[in-house]
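Chemist: Starting from these lines, generate the structure:
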Amino acid sequence: MIFHWLLCFWSFVVDVALVRRMGDREKDLEILLLRQQLRIVERRQQRGPVLERWEKLPLVALTARLQAGTTDWRERLTATMLLFKPDTVLKWQRELVRRKWTFKQTNKSGRPRVDPEIERWIVRLVNENPRWGSERIHGELVKLGFRLDPKTVRNVMKRRHLPPSPQHGASSWRTFLNHYKPYMLACDFFTVETVWLQTLYVLFFIELGTRRVYLAGISEHPNSVWVAQQARQLTWQLQTDRPGAQPLHFLIHDNDTKFSTAFDSVFAAEKMEIVFTPPRTPQANAFAERWVRSVRTECLDQLLILDQRHLKHVLDAYIEFYNHSRPHQGLNQNIPMASPNSVSDGPIGRRDSLGGLLHDYFRRAA
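Modeler: Residues are numbered from 1 along each chain as shown. Reported below is the predicted structural model:
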């Protein structure tokens, strides 16, 4: 920035030197030329340009020189300043004077500021523990080795607009769902368009706790009878594929008419409670919606689907990769069904799926 100011100052000095060397005739012609250009700019713009402080300084200095050298300086200034009003230039001069006599206060009285690290910990403890009060948070910070007054905790909570007293019984919806995720199953439909513009409907299920996905079926014309039959086949698959796992107690789905009473009764017989999502609220079934985004982005959007048979082959391959090979950020980079015999040493290999669209990296046994 300082080099930019020096360059502008040097340009101003060069302009002054060039003007002094010019004759009266040349000056008159150049003034006329510049005034005509400024008239054009004045007609084109509704307001003057926004200037930096260093750009205002030469205009203020030249205005002061004009004011000192002429008696009718305001009329001359009004006729000369085409882009700005005379009062605007005078206001700039007052601002420069005010900045000259304004000093920053170096010695501030009062209590010192709270350590930013302590303040961050206070906010974190309040957000993570809504049932804790200021005294409980103060005790936790003392245990961690921070030295502070109990009033500091209350002042920070007040300044950050945090609840001053314990919110008894308060619990976030995220905390509630995290507790019951191992017992939840969600299902939904999504559509896929083939090359021949044939619309295929895909029914899938996903476990919220493990993120394991099940492909229930694909149909061009799904109805309540077909959906109920896919539900029966899924319950048989769950009994076979989940020996010794946590039993599922809840099934989440929307109010689609294809999820009929017969469909719900299949899961009710397995002692599962049906949880309906509110209308037009896809975020209420966020895990299922997120999987649809993953399968589209990573797989379906990269291929041309020929027919229903081709789509089933593609989805079977992707779900196998998704369940057994793909790390998940929501699971701390773990895999839903990781192999228990994985090795951490040895050369690294790669398995390709769907013609090289999906890559699975692994270590071979040494």
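Chemist: Secondary structure element holding Glu119?
Modeler: Assigned by DSSP states H and E, Glu119 belongs to helix 116-128.
Chemist: now the helices for the chain?
Modeler: Applying DSSP state H to the chain gives helices spanning 2-21, 24-44, 53-69, 73-80, 86-100, 116-128, 134-143, 150-159, 173-180, 224-241, 261-268, 286-298, 308-324.
Chemist: what about Asn285, distance to Gly349?
Modeler: Asn285 is 37 Å from Gly349, where distance means CB to CB, to the nearest Å. Yep, even glycine has a C-beta here, placed from its N, CA and C like the rest.
Chemist: again, but for Gln308
Modeler: From Gln308 to Gly349 the distance is 33 Å (CB to CB).
Chemist: Comparing the two, which shows the higher neighbour count?
Modeler: Higher neighbour count among Gln308 and Gly349: Gln308, with 16 against 10, using other CB atoms under 10 Å.
Chemist: pretty sure that one contacts Glu220?
Modeler: Yes: the pair Gln308 and Glu220 passes the contact test of CB atoms under 8 Å, sitting 6.8 Å apart.
Chemist: So for the closest residue to Met22 other than its chain neighbours, what's the pLDDT?
Modeler: Among residues not flanking Met22 along the chain, Glu30 sits closest, at 7.3 Å (CB to CB, 6 or more residues apart in numbering). pLDDT recorded at Glu30 is 70.
Chemist: Measure how buried Glu30 is and give me the count.
Modeler: Using other CB under 10 Å, Glu30 is surrounded by 13 other residues.
Chemist: if we can go back for a sec, what touches both of Gln308 and Glu220?
Modeler: By CB atoms under 8 Å, 6 or more residues apart in numbering, Gln308 and Glu220 have these common neighbours: Leu200.
Chemist: buried ones in stretch 330-349?
Modeler: For stretch 330-349, the neighbour count (16 or more other CB atoms under 10 Å) marks 335-336 as buried.
Chemist: Do me a favour and get the end-to-end distance for that stretch?
Modeler: Start-to-end span of stretch 330-349 (CA to CA, to the nearest Å) is 26 Å.
Chemist: doesn't Asp264 make contact with Ile274?
Modeler: Yes: in this structure Ile274 lies within contact range of Asp264 using CB under 8 Å: 4.9 Å.
Chemist: Which neighbours do these two have in common?
Modeler: Contact criterion CB under 8 Å, 6+ apart; residues shared by Ile274 and Asp264: Leu251.
Chemist: Which one of those two is surrounded by more residues?
Modeler: Higher neighbour count among Ile274 and Asp264: Asp264, with 18 against 14, using other CB under 10 Å.
Chemist: what's the pLDDT at the residue nearest to Glu289 when sequence neighbours are not counted?
Modeler: Distances taken as CB to CB, 6+ apart place Pro282 nearest to Glu289, at 5.1 Å, with adjacent residues excluded. Pro282 carries a pLDDT score of 88 in this model.
Chemist: so how far is Ser353 from Pro282?
Modeler: 29 Å.
Chemist: Burial check on Asn178, number of neighbours?
Modeler: Using other CB under 10 Å, the number of residues around Asn178 comes to 12.
Chemist: who's in contact with stretch 284-296?
Modeler: 186-188, 190, 204, 206, 208, 211, 213, 252-254, 277-278, 282-283, 315, 318, 322.
Chemist: what about 7 Å?
Modeler: Outside stretch 284-296, the residues that touch it by CB atoms under 7 Å, 6 or more residues apart in numbering are 186-188, 190, 206, 208, 213, 252, 254, 277-278, 282, 318.
Chemist: Can you tell me which of those comes closest to Asn178?
Modeler: The closest of those to Asn178 turns out to be Leu208 (CB to CB; 9.5 Å).
Chemist: so the closest one makes contact with Cys187?
Modeler: No: the criterion here is CB atoms under 7 Å, and Leu208 misses it with Cys187 at 11.2 Å.
Chemist: Now do the shared contacts for these two.
Modeler: Common neighbours of Leu208 and Cys187 (CB under 7 Å, 6+ apart) do not exist.
Chemist: Just give the nearest non-adjacent residue to Gln283, would you?
Modeler: In space, and not counting its chain neighbours, Gln283 is closest to Glu289: 7.3 Å by CB to CB, 6+ apart.
Chemist: now that neighbour: how far from Glu119?
Modeler: Glu289 sits 36 Å away from Glu119, going by CB to CB.
Chemist: which one of these two has more residues nearby?
Modeler: Glu119 (18 against 15).
Chemist: list the contacts for the more buried one?
Modeler: By CB under 7 Å, 6+ apart, the residues touching Glu119 are Val156.
Chemist: Could you report the distance from it to Pro222?
Modeler: 55 Å.
Chemist: Can you read off the pLDDT for Val114?
Modeler: At Val114, pLDDT is 86.
Chemist: What separation do you get for it and Gly133?
Modeler: With distances taken as CB to CB, Val114 is found 18 Å from Gly133.
Chemist: Have a look at these two and say which one is more surrounded.
Modeler: Per other CB under 10 Å, whichever of Val114 and Gly133 has more neighbours is Gly133, with 18 against 15.
Chemist: Give me the phi and psi angles of that one.
Modeler: phi -90, psi -180 (degrees, to the nearest 10).
Chemist: from now on call the first residue 35
Modeler: Understood, numbering begins at 35; the last thing we discussed is Gly167.
Chemist: Can you tell me how far it is from Pro150?
Modeler: For Gly167, the distance to Pro150 equals 23 Å [CB to CB].
Chemist: Also Ala250?
Modeler: For Ala250, the distance to Pro150 - CB to CB - is 52 Å.
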